[in-house]
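> Would you be able to build a 3D model of this:
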Amino acid sequence: MTATIQTLLVMLAVLVAAALIARRLKTAPSIVLVIAGVALALVPGLPRIELAPEFVLLVILPPLIYSAGVAMSWREFRFNLRPIALFAFGAVVFTTCAVAAAAHYVLGLPWAVGFLVGAIVAPPDVVAPLAIARPLGLPRRLLVVLEGEGLANDATALILYRFAVVAITTGTFSFPEAAGTFAAIVVGEIAWGIAIGWVSLQARRLARDARVEIVLSLMTPYLAYWIPEHFGGSGVLATVATGLYVSWNGPLLIPSATRLQGVFFWDLTVYLIEGFVFLLTGLEARALVESAQTFSFRDVAVAVAVTTLIVIAARFIWVFPAVYVPRWISPALRRHDPAPPWTWAFVLSFVGVRGVVSLAAALAIPLTLASGDPFPYRDLILFITYGVILVTLVGLGLMLPPVIRWLGLARHRKAEEREEKARELAGRHAAMEEALRQIEQRARERGLPEELLAVARTRHEARSQQFPKTIDEGWDAIEPASRLRMELITAEREYIFQLLRDGKITDESRRQIERELDLEEALITCRKEGEPHH
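Sure thing, here's the model as predicted:
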């Protein structure tokens, strides 16, 4: 028990150190964590850490998928459903078949084993690509497609993976039966996910306690994931459906106190889980090296190189036709959604980073067949999977920033940010004007005194002056006022602390006032972080 606690503390220290190093090197923390994990795994004398596949698939994956689903806009997901489906289903199947063919004809593996390798390495990770790409200023739509693909492609890959494992262990496979099972899983999981989302929101509405609601929100992804997974599905689509349902229907049902506390809770939870995922991926190197007994280094290197090249090439071969062919075929689609520049398709092809789900699937391969014989090529599959993850995560991840700069995609994001901020300002002022109209109408209906209306108008005027009317006015106009408000908050906080020391107020009073000051300061900070980049 003591050793486990010490290991966790060391991993937390590495997580913090990697974040600081990544900031200094201006690279993604995920890459630094994986490299640090590999380095630690190869240090003699350190304890061996093995990543349990059940822990990844049943404990780590559900909250990550759910959190990403809640953070995603249902409207944007629905608008991009065609490219997301083409990538999450079509690209995974195409890559699986391409890897299977290469494994059979180049590496000499049986077809069933080749399909198993393909199903494991086909899906890009749900976490790693966005962890690398999001800070680089990619256009919003590219991030939505990448996130939507990462959320849904694990379901396709895990279902194909289970079909391949059953085919190898039993020696039988029926394509019509597999296709029917796949369709039933997709429909059933989506329906189950929507039902869990509805039940979760109703339970949270009845709870009316922020702490209870946050606990319910933590239970939600596991309930959505575990039940379908137990009955032979993947659980991924159900969790995605739950997250999207809560994202679309939750704003008017979740109280503000729950939102404020829940945002911090989920941000910290996801941050820690993602950090541990990348670090554990690197630490798995020792377990794989120690299990290497039946294959030479040359065989493993060739297998990893061939599989990685096929995985990268297959994504390029699939993405460009998937982006442009539907628009060539359909004039209506071309008018409704014009073709993006080739640079967008190139980036979508390039960000094919594999991650922990592929590793967990490889580790979950059974040790023996139904007959009791050892599972064929199990160690080789593990090494191929790990090699593909390292090459794509570290190699493509390090190459992505210069590629994005070369393509000049950051300017697209700056234009989007300006448009988004303009819409935000228009929405803010329109909402405040509507609120004031409704208050005045209700005041007339109820015969409220003019003094109350004057207070409401004063508050409205004060809030309205905090933001420019249009984007052209710029945010510089309110910067002096923001600085002054921050100075006032600091002065008030120092004075309240002095009152506490003098015994003129209690700690409880100090906490209440401090909370109000914290909320006001957080409002100013959030607005400053949301400023467009010039």
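> For whatever helix or strand A443 lives in, list every residue counted as buried.
Secondary structure from DSSP states H and E places A443 in helix 410-446. With burial defined by 16 or more other C-beta atoms under 10 Å, the residues of helix 410-446 counted as buried are 412-413, 416-417, 421, 425, 429, 432, 436, 439. C-beta here means a position set from N, CA and C on the backbone, and glycine is covered the same way.
> Stretch 11-21 now?
Buried, per 16+ other C-beta under 10 Å, within stretch 11-21: 11, 14-15, 18.
> try stretch 161-181
Quick answer for stretch 161-181 (16+ other C-beta under 10 Å): 161-165, 167-169, 178, 181.
> which residues touch D299?
The neighbourhood of D299, defined by C-beta atoms under 8 Å, 6 or more residues apart in numbering, consists of L380.
> Let me see the mean pLDDT of stretch 253-269.
The predicted model gives stretch 253-269 an average pLDDT of 84.
> Can you give the contact residues for that stretch?
With contact meaning C-beta under 8 Å, 6+ apart, stretch 253-269 is reached by 63, 67, 70, 201, 204-205, 208, 210-211, 213-214, 217-218, 519.
> show me where the stretch 201-350 of the chain has helices.
210-230, 236-249, 256-290, 297-329, 331-336, 342-350 (DSSP state H, counting those that start in this stretch).
> about what we covered before: please list the outside residues in contact with the helix or strand just after the helix holding A443.
Next along the chain after helix 410-446, taking DSSP H and E as the criterion, comes helix 450-464. Identification of contacts with helix 450-464 by C-beta under 8 Å, 6+ apart yields 429, 432, 435-436, 439-440, 443.
> and those as CSV, adding pLDDT?
Rendered in CSV, the data for those read as follows (pLDDT from 0 to 100):
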residue, pLDDT
H429, 75
M432, 78
A435, 78
L436, 78
I439, 77
E440, 77
A443, 76
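> now, among those residues, which is nearest to V99?
Proximity of the contacts of helix 450-464 to V99 (C-beta to C-beta) peaks at H429, which lies at 53.7 Å.
> and Y377, backbone torsions?
For Y377, the backbone dihedrals (degrees, to the nearest 10) come out as phi 60, psi 30.
> Wait, it touches A112, no?
No - Y377 is beyond contact range of A112, at 10.2 Å (criterion: C-beta atoms under 8 Å).
> Looking at these two, which has the bigger crowd around it?
Y377 (23 against 20; other C-beta atoms under 10 Å).
> tell me the contacts of the closest residue to that one other than its chain neighbours?
Counting by C-beta to C-beta, 6 or more residues apart in numbering, Y377 lies nearest to V113, which is 5.2 Å off, once chain neighbours are set aside. Listed by C-beta under 8 Å, 6+ apart, the contact partners of V113 are 103, 168, 376-377, 381.
> Name the nearest residue to D507, sequence neighbours excluded.
Nearest to D507 is L500, by C-beta to C-beta, 6+ apart, at 6.8 Å.
> just to revisit the earlier point, between which two of the contacts of helix 450-464 is the distance greatest?
H429 and A443 (21.1 Å).
> Low-confidence stretches in the protein?
1, 3, 172-173, 291-294, 465-466, 469-481, 526-534 (pLDDT under 70).
> Next, the contact list for the nearest residue to W344 once chain neighbours are set aside, please.
Leaving aside its sequence neighbours, W344 sits nearest to L142 (C-beta to C-beta, 6+ apart; 6.0 Å). Applying C-beta under 8 Å, 6+ apart to L142 gives the contacts 133, 344, 347-348, 409.
> Quick one: which of the residues you listed is the most crowded by neighbours?
L348 (27 neighbours).
> Could you verify my assumption that it touches L146?
Yes - using C-beta under 8 Å, L348 is in contact with L146, at 7.1 Å.
> Once you drop chain neighbours, what's closest to L15?
Of all residues not flanking L15 in the chain, G275 sits nearest, at 4.3 Å (C-beta to C-beta, 6+ apart).
> Would you indicate which residues of the helix or strand harbouring G188 are buried?
Per DSSP H and E, G188 falls inside helix 175-207. Judged by neighbour count (16+ other C-beta under 10 Å), helix 175-207 contains these buried residues: 178, 181-182, 185-186, 188-190, 192-194, 196-197, 200-201, 204, 207.
> swap in stretch 18-38?
In stretch 18-38, counting by 16+ other C-beta under 10 Å, buried: 18, 22, 27-38.
> same question, stretch 491-502
If you call a residue buried by 16+ other C-beta under 10 Å, then stretch 491-502 has these buried ones: 493, 496, 500.
> Give me the contact list for it.
By C-beta under 8 Å, 6+ apart, stretch 491-502 touches 505-507, 510, 513-514, 517.
> again, only this time at 7 Å
Identification of contacts with stretch 491-502 by C-beta atoms under 7 Å, 6 or more residues apart in numbering yields 505, 507, 510, 513-514, 517.
> Just those: which are in strands?
With DSSP state E as the criterion, strands contain none of these.
> Buried only: go through those for me.
505, 510, 513-514.
> which of those lies closest to G250?
E514 (28.8 Å).
> List the residues that contact the most centrally placed residue in the chain.
The centroid of the chain falls nearest to A68 when counting by C-alpha atoms, centre = their mean (4.3 Å). Going by C-beta under 7 Å, 6+ apart, A68 touches 126, 147, 151, 243.
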